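Mind folding the following:
(chains A and B)
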There are 2 protein chains.
Amino acid sequence: MTRAWRSVVALSGGVGGARLMHGLSRELDADAVTMIVNTGDDFEHWGLAISPDLDTVMYTLADLAPEERGWGLADETFHAFDRMAAYGEDAWFQLGDRDLATHLARTRGLRNGESLTAVTARLCRALAVRCRVLPMSDAPCRTMIETADQGVLPFQTWFVRHRAGPAVRAVRFDGAASPAPGVLEAIAGAELVVIGPSNPYVSVDPMLSLPGFREALAARPVVGVSPIVHGEAVKGPLAAMIPSLAARAPTAGAIAAHYGGLLRGFVVEAGDEGTVEGVPTLGTRTRMTTRADSARLAGEVLAFAEAFC
Amino acid sequence: MTRAWRSVVALSGGVGGARLMHGLSRELDADAVTMIVNTGDDFEHWGLAISPDLDTVMYTLADLAPEERGWGLADETFHAFDRMAAYGEDAWFQLGDRDLATHLARTRGLRNGESLTAVTARLCRALAVRCRVLPMSDAPCRTMIETADQGVLPFQTWFVRHRAGPAVRAVRFDGAASPAPGVLEAIAGAELVVIGPSNPYVSVDPMLSLPGFREALAARPVVGVSPIVHGEAVKGPLAAMIPSLAARAPTAGAIAAHYGGLLRGFVVEAGDEGTVEGVPTLGTRTRMTTRADSARLAGEVLAFAEAFC
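Predicted coordinates for the structure are as follows:
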């Protein structure tokens, strides 16, 4: 009785969104789903173009991501990294040996004039990722964190180098990026858009900041999944950002309120339904550890969404 | 009774020269020796600045070079390389994971405006290489191989990609490089210059092609070590190049003749003395496998050179 979805778009930052995408990629035909991934975290490190969220999504979809770690590849070694540290090079952002190949190949492609979209498609093919993965933009859009006491920091500097320590006053996006080719078209043609359980401020807002992106979403049925479970972030610094940026307690409801009128439905951890106002909710188990978790949650999100599409 | 050398310069390409340099670095005070290294082999690969001979010299002097392989680091892994191959990137030039750090650090330094000389000094310090290692030039000087049937190939393309297969008609050096700062000064101040057992055409001639280099050498006592042993190259394609480029048999004497009036003395494998004309020779065991071999040969070269300095 389940609907045969022909065009679903999923939006994601890193781990949480990537795991939901993994579930969607197993529940849907490869050509029925388009993944749009945050690139606001992208930065240059060791002279290489690093796209942390794209990598997490690609590796997760390729079943190459580690279960215990939120970045990089499973069964990884760090020989180049150790030697870079010995050379006195920046050692605050760990890059594994196999992972390095991704950054080298991407950097080379970009330098040769390939777009980030084209490079990503090429890497996905090599990794046997069959569904379509689009960076939100081919142009730099840099998430900048305005901190209370350390000035304005690029996202990775704040998140990794400073371990998300400095309190966040505001988040802004630098650059004049526009959506990558195919992004607005994919949304316009989507029966359903799923916003993954990603940090709204630093993983989804970069997309919403792109010209035409929010308007495209507003015209389609959108269902979100909460990254907050019982008042805590499943991962990362989100729980501390909500009181600071939204002046309210870190609840699933705060996330729903952030997206406001965009959402037709919201999926939250069972027990958190009461925190959400003004949008239909589905309470279930939203934490994803195993691939089975991801597939089950994806199936539930799709079934829940049928009512709105 | 051995002379206390205060200023020796050694010229080198890859393995053979590097091993002799290792011996010299053990026989002489660190501040009494300057290594000048061929950079004609340098090229860009995977967007990285690779300096094969500099790396071999640095790693050899740091006791990090493998005994069995003529390049890279001992106890190396190739995880990044394997993944690059899977991504469809050029896989004809193997780069190890630890070795990658050297190229990343060098590339980053050069992009930031550091000279190759400065980057090399920095890497040597990190590797605890105490003697001075200078690239022959800070500017590109590209060794190009004119082949009989494959046109003109950059050195590494000919040497590694085509496994030195295409017959060599001529060797030329592209670019308008001049000697790196300190190179001509080191030679001018040298009590002795040692030309290592490197390929004269592709390892030493690039240096001799630099403006003022040959003239600086001609003014100092120079002793060479033959890279040809009993008619065969200790390593690499030299033996096949001599008949083609010098129209004579591949003997130690052909090497001496190539350097012509530059040499005051020539060290050859015992038994090869008869092939050399017009320059005093020392016959000994010139093959270097162990560090003890390198130190013994270096000591013999220095003792032999005392007569000319």
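
Show me the strands in the stretch 51-200 of chain A, by range?
Using DSSP state E, counting those that start in this stretch, the strands of the stretch 51-200 of chain A run over residues A:132-135, A:142-147, A:152-154, A:168-174, A:192-195.

swap in the stretch 201-309 of chain A?
Taking DSSP E, counting those that start in this stretch as the criterion, the stretch 201-309 of chain A contains strands spanning A:222-225, A:228-229, A:232-233, A:265-269, A:281-284.

Paired strands for the third one, with orientation please.
With DSSP bridges as the criterion, the sheet partners recorded for strand A:232-233 are strand A:228-229 (antiparallel).

Show me where the stretch 101-250 of chain A has its helices.
In order along the chain, the stretch 101-250 of chain A carries the following helices (DSSP state H, counting those that start in this stretch): A:116-126, A:155-156, A:183-188, A:205-208, A:213-218, A:238-246.

For A:Y87, find the nearest of those helices.
Within those, the stretch nearest A:Y87 is helix A:155-156; the backing value is 20.4 Å (Cβ to Cβ). Quick note: C-beta positions are derived from backbone N, CA and C, even for glycine.

So for that closest one, mean pLDDT?
Per-residue pLDDT values over helix A:155-156 give a mean of 93.

same check, this time on stretch A:218-235
Mean pLDDT, computed over stretch A:218-235, is 95.

How about stretch A:96-107?
Averaging pLDDT along stretch A:96-107 gives 98.

Run through who's touching it.
A:45, A:47-51, A:55, A:58, A:72-73, A:76-81, A:95, A:116, A:119, A:122-123, B:46-48, B:77, B:79-84, B:86-87, B:89, B:97, B:100 (Cβ atoms under 8 Å, 6 or more residues apart in numbering or on different chains).

Can you spell out which helices and strands pack onto the helix or strand where A:A18 lies?
Taking DSSP states H and E as the criterion, A:A18 maps to helix A:15-27. On a contact count with 3 or more Cβ pairs under 8 Å, 6 or more residues apart in numbering or on different chains; DSSP states H and E, helix A:15-27 meets strand A:8-12, strand A:33-37, helix A:52-61, helix A:291-305.

want to try JSON lines for those, with distance to A:V202, mean pLDDT and mean neighbour count as columns?
Rendered in JSON lines, the data for the helices and strands packed on helix A:15-27 read as follows (distance: least, Cβ to Cβ, whole Å; pLDDT from 0 to 100; neighbours: other Cβ atoms under 10 Å in any protein chain shown):
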{"stretch": "strand A:8-12", "distance to A:V202": "12", "mean pLDDT": "98", "mean neighbour count": "28"}
{"stretch": "strand A:33-37", "distance to A:V202": "13", "mean pLDDT": "97", "mean neighbour count": "28"}
{"stretch": "helix A:52-61", "distance to A:V202": "10", "mean pLDDT": "97", "mean neighbour count": "26"}
{"stretch": "helix A:291-305", "distance to A:V202": "22", "mean pLDDT": "97", "mean neighbour count": "19"}
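
Indicate which one of these is closest to A:R163.
Distances from A:R163 to each of the helices and strands packed on helix A:15-27 were compared using Cβ to Cβ; the shortest belongs to helix A:52-61, at 15.1 Å.

Now do that closest one against strand A:8-12, angle only.
Using axes from the mean of the first three to the mean of the last three Cα atoms, to 10 degrees, the interaxial angle of helix A:52-61 with respect to strand A:8-12 works out to 120 degrees.

hmm, back to that, so of the strands of the stretch 201-309 of chain A, which one's packed in deepest?
Stretch with highest mean neighbour count among the strands of the stretch 201-309 of chain A: strand A:222-225 (a mean of 26; mean count of other Cβ atoms under 10 Å in any protein chain shown).

ok, the closest residue to A:L61 other than its chain neighbours - contacts?
In space, and not counting its chain neighbours, A:L61 is closest to A:V129: 4.5 Å by Cβ to Cβ, 6 or more residues apart in numbering or on different chains. Going by Cβ under 8 Å, 6+ apart, A:V129 touches A:M58, A:L61, A:A62.

A:L123 now?
Contact criterion Cβ under 8 Å, 6+ apart gives A:M58, A:T102, A:A105, A:R106, B:Y87 as the residues in contact with A:L123.

Could you do A:A91 as well?
For A:A91, the residues meeting the contact criterion (Cβ under 8 Å, 6+ apart) are A:F81, A:M84, A:A85.

Same list (the residues you listed) but as CSV, adding distance to chain B, neighbour count and pLDDT.
Compiled in CSV, the contacts of A:A91 are given as follows (distance: Cβ to the nearest Cβ, whole Å; neighbours: other Cβ atoms under 10 Å in any protein chain shown; pLDDT from 0 to 100):
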residue, distance to chain B, neighbour count, pLDDT
A:F81, 8, 24, 98
A:M84, 5, 23, 97
A:A85, 9, 16, 97
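
Need the distance between the two termini of stretch A:225-238.
End-to-end span of stretch A:225-238 (Cα to Cα, to the nearest Å): 14 Å.

quick one: contacts of it?
Contacts to stretch A:225-238, defined as Cβ under 8 Å, 6+ apart, come from residues A:14-16, A:20, A:70, A:159, A:164, A:168, A:194-201, A:239, A:242, A:249-252, A:254-256, A:266-269, A:271-272, A:286-287, A:297, A:301.

Distance of the residue nearest to A:L61 relative to chain B?
In this view, A:V129 and chain B are 13 Å apart by Cβ to the nearest Cβ, to the nearest Å.

I'd say A:G224 and A:I255 touch.
Yes. Assessed by Cβ atoms under 8 Å, A:G224 is found in contact with A:I255 at 7.1 Å.
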